[in-house]
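Colleague: From the sequence below, what's the structure:
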Amino acid sequence: MREVVSETGSTNADLLARLAGDFPPPEGFWLMAERQTAGRGRLAREWESIQGNLHCSTPVHLKPSDAVASTLAFVAGLAVFDTVERSLLPRTSVMLKWPNDVLVREAKIAGVLLERQGNHVCVGIGINVSYSPEILGRKTTHIGYENGKFANGPESVLDLLEDRFAARLAAWRQQPLSHTLLEWAVRSHRYDDQLRVTDPTGERLSGNYRGIDHTGALRIAPQGSAERVLHAGDVMLGWRESEED
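Modeller: You can find the predicted model right below:
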């Protein structure tokens, strides 16, 4: 089930309002906007929502048997990874960046934003299909640039995404959480990759990637100190000692 609007502020905001009502949309419903005027990403960042890219949201209704809701970020990340990979040329380098981005050769091509309303989670997804939004200090790319033969639009990409999200959500529910986390981990950072993480308080930490724990938290080993476990933060790939404060 899909609803497409030509323009709105934010598909996440619209879907959250519906989830707060008496008749929340069922799982499998997707709200897509051709353009957003108030798109947003993690940590309250604005997200440029250009017509020709995919901006959409879908609900997940939490069940008592479900894993912790925050791990839906890994479900969504895997579904987006699958979608992007299938839209690009074979052997294109695609990776997941903790906790919620998809990169192509270190340039962001997609992102995920989870927001909760009671026992409902709104999963917002943005995929750069035809244009690369400008993000200060970060590289971006889009499917059309990476695959010059790609002639499909956002709705065709959503066709793929709907199928892959349903499959990844079913696996999250039917198999141990470790299965989803492993599937995510093998598509993400390499052990010992250099990362810089800014946590929600603004503290900045640089170190080497040590994987994720059983909850999906990031494990990082700063130089000269004990390994840290971070449950939230903003990751930049690579760092140099000369950049340290």
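Colleague: Show me where this protein has its helices.
Modeller: 11-19, 72-87, 143-146, 154-174, 177-185 (DSSP state H).
Colleague: Indicate which one of the ones you listed is closest to Leu96.
Modeller: Closest to Leu96 of these is helix 72-87 (C-beta to C-beta; 5.2 Å). Glycine gets a C-beta too; all of them are placed from N, C-alpha and C.
Colleague: Can you show me the CA trace of that closest one as CSV?
Modeller: Taking C-alpha atoms only, helix 72-87 is exported to CSV below (Å, rounded to 0.1, in the frame of the first residue of the first chain):
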residue,chain,number,x,y,z
LEU,A,72,15.2,-1.4,13.5
ALA,A,73,17.9,1.0,12.2
PHE,A,74,19.9,-2.1,11.2
VAL,A,75,16.8,-3.6,9.5
ALA,A,76,16.3,-0.4,7.5
GLY,A,77,20.0,0.0,6.7
LEU,A,78,20.1,-3.5,5.3
ALA,A,79,17.0,-2.9,3.2
VAL,A,80,18.4,0.3,1.8
PHE,A,81,21.8,-1.4,1.2
ASP,A,82,20.0,-4.1,-0.8
THR,A,83,18.0,-1.5,-2.8
VAL,A,84,21.0,0.6,-3.6
GLU,A,85,23.2,-2.3,-4.5
ARG,A,86,20.6,-3.7,-6.9
SER,A,87,20.3,-0.2,-8.6
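Colleague: and it with helix 177-185, angle?
Modeller: 40 degrees (axes from the mean of the first three to the mean of the last three C-alpha atoms, to 10 degrees).
Colleague: which other helices and strands contact helix 72-87?
Modeller: Identification of packing neighbours for helix 72-87 by 3 or more C-beta pairs under 8 Å, 6 or more residues apart in numbering; DSSP states H and E yields strand 94-97, strand 101-104, strand 107-117, strand 120-127, helix 154-174, helix 177-185.
Colleague: can I get the ones you listed in CSV with distance to Pro24, mean neighbour count and mean pLDDT?
Modeller: Formatted as CSV, these follow (distance: least, C-beta to C-beta, whole Å; neighbours: other C-beta atoms under 10 Å; pLDDT from 0 to 100):
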stretch, distance to Pro24, mean neighbour count, mean pLDDT
strand 94-97, 29, 20, 96
strand 101-104, 28, 23, 96
strand 107-117, 8, 21, 95
strand 120-127, 6, 24, 97
helix 154-174, 16, 18, 97
helix 177-185, 24, 17, 97
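Colleague: Adding distance to Lys63, write the ones you listed out as TSV.
Modeller: As requested, these are exported to TSV (distance: least, C-beta to C-beta, whole Å):
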stretch	distance to Lys63
strand 94-97	25
strand 101-104	27
strand 107-117	14
strand 120-127	11
helix 154-174	8
helix 177-185	14
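Colleague: of those, which approaches Gly28 most closely?
Modeller: helix 154-174 (6.8 Å).
Colleague: contacting residues around that closest one?
Modeller: Helix 154-174 is contacted from outside by 2, 4, 27-28, 30, 32, 34, 52-56, 58, 60, 63, 65-67, 71-72, 74-76, 78-80, 82-83, 86-87, 123, 125, 127, 129-130, 143, 179-180, 183, using C-beta atoms under 8 Å, 6 or more residues apart in numbering.
Colleague: Over to stretch 23-35?
Modeller: 1-8, 11, 14-15, 18-19, 49-51, 54-61, 120, 154-155, 158, 162, 166, 169.
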